[in-house]
Every structure is written in structure tokens, then in C-alpha cells.
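Enquirer: Here is a sequence with its predicted model. Questions after.
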Amino acid sequence: MSDTAKSPVLVGVDGSVSATQAVQWAALEASRRGTSLSLVHVWTPVPAGVPHAATLGPYEDGLIEQGRQWLAEAATVAQEAAPGIITSTKLINGSVAGRLIGRSASADLMVLGSRGLGGFTGLVVGSIAIAVATHGHCPVVVVRGADPQSAPRQEGPVVVGVDGSPTSRAAIEFAFQAASLRKAPLVAVHAWSDLPVTTVWEMTTSWQSIQQRESELLSQWLAESQARYPGVHVEQVVVRDGPAHILLDHSKSAQLVVVGSRGRGGFRGLLLGSTSQALIQHAACSVAVVPPSGP
């Protein structure tokens with residue numbers, strides 16, 4: 001397959017500082033992957049049922065012009081981050097989440113900022129990121145720093161959460177590829193118990209034997225991807241802890257945390273997994289949410 005035939009890395013643009021950081025991150029990622037970058041801005045028309053909607057043409061013209069300006073500025077940012085990257089821009093109208101989900105079907109990767117102009121990470125942009133990560137057709141990366149003022153970390157390991165589910169297997173492959181492209185180590189984290197109380201099984205089985213069994217399972221889950229990426233150094237972490245807690249802790253020193261869109265027992269299309277949601281909203285580094293591969 002030629003480079004021109006590869007699906008692009010797609011990034012949402014809205015003029016915010018967070019979106020600018022997402023553009024920089026996405027440009028570097030597109031360069032690593034040897035593919036193009038697609039910058040998309042979605043503006044929302046005034047609903048026809050709104051009083052005096054017919055007289056708001058100049059307002060919508062302003063939204064369109066502002067969108068074009070943001071896209072032009074984002075294209076400049078992308079070229080500065082990854083000189084020579086092939087970049088395209090697209091201005092479309094409609095529901096932001098709906099349009100981004102639709103365009104994810106033809107993207108290699110979707111990249112979003114963690115905050116928009118409103119600054120309500122858990123309410124406004126957070127809800128868009130969760131919607132796109134839940135229903136998107138490709139992996140979704142939410143670009144985050146340690147705090148709203150910090151740029152996303154570009155050094156440190158890639159961390160992947162592993163639980164043996166179909167989305168976990170897809171996340172493993174994504175994480176190995178990400179670590180290989182960055183020449184970074186990979187930390188594979190398996191949290192084998194997130195129950196608030198000790199179960200009968202745990203009471204009647206020694207923790208040491210459980211730990212040994214879970215470590216063996218983790219090695220099995222990693223084996224196929226590890227064989228494809230022999231140059232990636234892997235550290236395996238097996239803990240008796242909740243996955244969100246341990247992955248949030250690892251995000252403090254990582255450059256990317258990778259998880260599946262749903263863990264064991266999840267229902268795709270209904271809710272994003274609680275671990276994925278927690279990371280999107282609270283991680284100290286960028287987060288990749290990977291859907292299951294295949295139908």
C-alpha cells in the first residue's frame with residue numbers, strides 16, 4: 001500500500017489551546033505513521049425552530065469565517081510541528097460528536113483536545129470525547145497534560161491496560177505499535193481484582209498463587225504482539241487493585257496510556273467503560289481509547 005493510500009490521522013480543531021496541542025500531537029503522530037493529517041472544524045447551525053433564526057445569517061457567516069481562520073492557523077501549527085506533513089482542512093456543519101464519529105470511519109486515528117473554548121473538560125468537550133470514543137470507528141486519542149496549563153508529555157513509557165477482553169487485545173496491538181514508533185518502553189498493567197471486598201475465591205486461594213496465575217495470563221495475552229515487535233522492551237505489572245486507580249497512577253510518568261473502549265462484560269454502544277472515562281477526564285498524560293478490531 002502506498003503512503004497516499006493510507007487513512008489519515010484526523011484531529012478536531014476549535015481554536016482552543018487544548019485543540020492546538022492536539023494538532024501538534026496529531027501532526028507528529030501522522031509523521032511517525034507515514035500518513036497525512038486531516039484538520040476538521042465542525043460548526044453548529046442555529047436550529048430552524050429558534051425564534052428569528054432566519055435573521056441570524058450574519059451570525060452563521062461569522063461562525064464559518066471563524067472556522068476557516070482556526071483551520072488555517074491549525075495548518076500552520078501542524079507544519080511547524082512536523083515540517084512537510086501532507087495536510088488537508090475540512091469545514092463542516094452539524095453535531096460536533098456526530099460529524100466526528102462519522103468521519104472516524106475513514107480515519108486511521110482520531111485526535112481530540114481535552115478542553116474546548118468553554119473549558120469544561122468533564123461537561124462539554126469531555127462529553128464529546130466520550131461520545132466519539134464510545135461510538136467511533138477508529139482509535140481515539142484525547143491529548144492531555146498533567147494539568148490544564150501543561151503541554152502533553154512526549155517522553156516516558158507507553159502504558160497499556162490489559163484484562164483479556166476483545167478491546168484489551170486491540171489495545172495491546174495499538175500500544176506495541178505506539179511504543180515501537182516512539183522507541184519507548186511499554187508497561188503492560190493487569191489489575192486482577194477491583195472488588196471492594198474480598199471474595200470467597202480470594203479468601204480460599206493464596207494471593208501468591210493468584211498473582212502467579214494472573215502473571216501467566218498477562219504473558220499469554222502479550223505474546224502475539226510481543227513477537228511482532230521484538231524491539232519493544234516490556235515491563236509487566238500485575239496488581240490487586242482497581243484498573244482506573246493503577247492506570248491513573250502510571251499516567252503521571254507516561255507519555256501515553258492505552259485502554260480498550262470496554263473491559264470484560266461491557267456493552268459497546270451503551271456506555272464507555274468506567275476505566276476509559278476516568279482516564280479521559282483525569283489522566284496526567286494523553287489517553288488512547290481503542291475499539292475492538294473486526295466486527
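Expert: In hand now; what should we look at?
Enquirer: Just the mean pLDDT for the helix ranked longest in the chain, thanks.
Expert: With secondary structure taken from DSSP state H, the chain has its longest helix at helix 57-81. Average pLDDT, helix 57-81: 91.
Enquirer: What residues of that helix count as buried?
Expert: For helix 57-81, burial by neighbour count (16 or more other C-beta atoms under 10 Å) applies to 63, 67, 70, 71, 74, 75, 77, 78, 81. In short, each C-beta sits where N, CA and C put it, glycine included.
Enquirer: Could you point out which of these is nearest to residue 180?
Expert: Nearest to residue 180 among the buried residues of helix 57-81: residue 81, at 20.7 Å, using C-beta to C-beta.
Enquirer: Confirm for me that the closest one is in contact with residue 20.
Expert: No - contact between residue 81 and residue 20 fails when scored by C-beta atoms under 8 Å: they sit 9.8 Å apart.
Enquirer: Enumerate every residue touching the nearest residue to residue 182 once chain neighbours are set aside.
Expert: Using C-beta to C-beta, 6 or more residues apart in numbering and skipping the chain neighbours, the partner closest in space to residue 182 is residue 158 (6.8 Å). Going by C-beta atoms under 8 Å, 6 or more residues apart in numbering, residue 158 touches 175, 178-179, 182, 184-187, 254-258.
Enquirer: Which of these fall within strands?
Expert: Residues of the contacts of residue 158 located in strands (DSSP state E): 186, 187, 256, 257, 258.
Enquirer: Among those residues, which one has the most neighbours?
Expert: Neighbour counts for those, by other C-beta atoms under 10 Å, peak at residue 258, which reaches 32 neighbours.
Enquirer: So which residues of the stretch 101-250 of the chain form strands?
Expert: Per DSSP state E, counting those that start in this stretch, the stretch 101-250 of the chain carries strands over the ranges 109-113, 140-143, 158-161, 186-191, 234-239.
Enquirer: Indicate which one of those is closest to residue 98.
Expert: The nearest among those, by C-beta to C-beta, is strand 109-113 at 13.3 Å.
Enquirer: what helices or strands is the closest one leaning on?
Expert: Using 3 or more C-beta pairs under 8 Å, 6 or more residues apart in numbering; DSSP states H and E, the elements in contact with strand 109-113 are strand 9-12, helix 17-33, helix 96-103, helix 125-135, strand 140-143.
Enquirer: other SSEs contacting the first one?
Expert: Pointing back at strand 9-12 there. Under the contact definition 3+ C-beta pairs under 8 Å, 6+ apart, strand 9-12 sits against helix 17-33, strand 37-43, helix 96-103, strand 109-113.
Enquirer: For the residue nearest to residue 182, list each beta-bridge partner.
Expert: With DSSP bridges as the criterion, residue 158 is bridged to residue 186, residue 256.
Enquirer: thinking again about what came up before, please list the residues outside the longest helix of the chain that contact it.
Expert: The contact list for helix 57-81 (C-beta under 8 Å, 6+ apart) reads 11, 13-15, 19-20, 23-24, 26-28, 37, 39, 41, 43-46, 85, 87, 89-91.
Enquirer: filter those to the buried ones?
Expert: Neighbour-count burial (16+ other C-beta under 10 Å) applied to these gives 11, 13-15, 19-20, 23-24, 26-28, 37, 39, 41, 43, 85, 87, 89, 91.
Enquirer: I'd like to know which of the contacts of residue 158 is nearest to residue 234.
Expert: Nearest to residue 234 among these, counting by C-beta to C-beta, is residue 186 at 5.0 Å.
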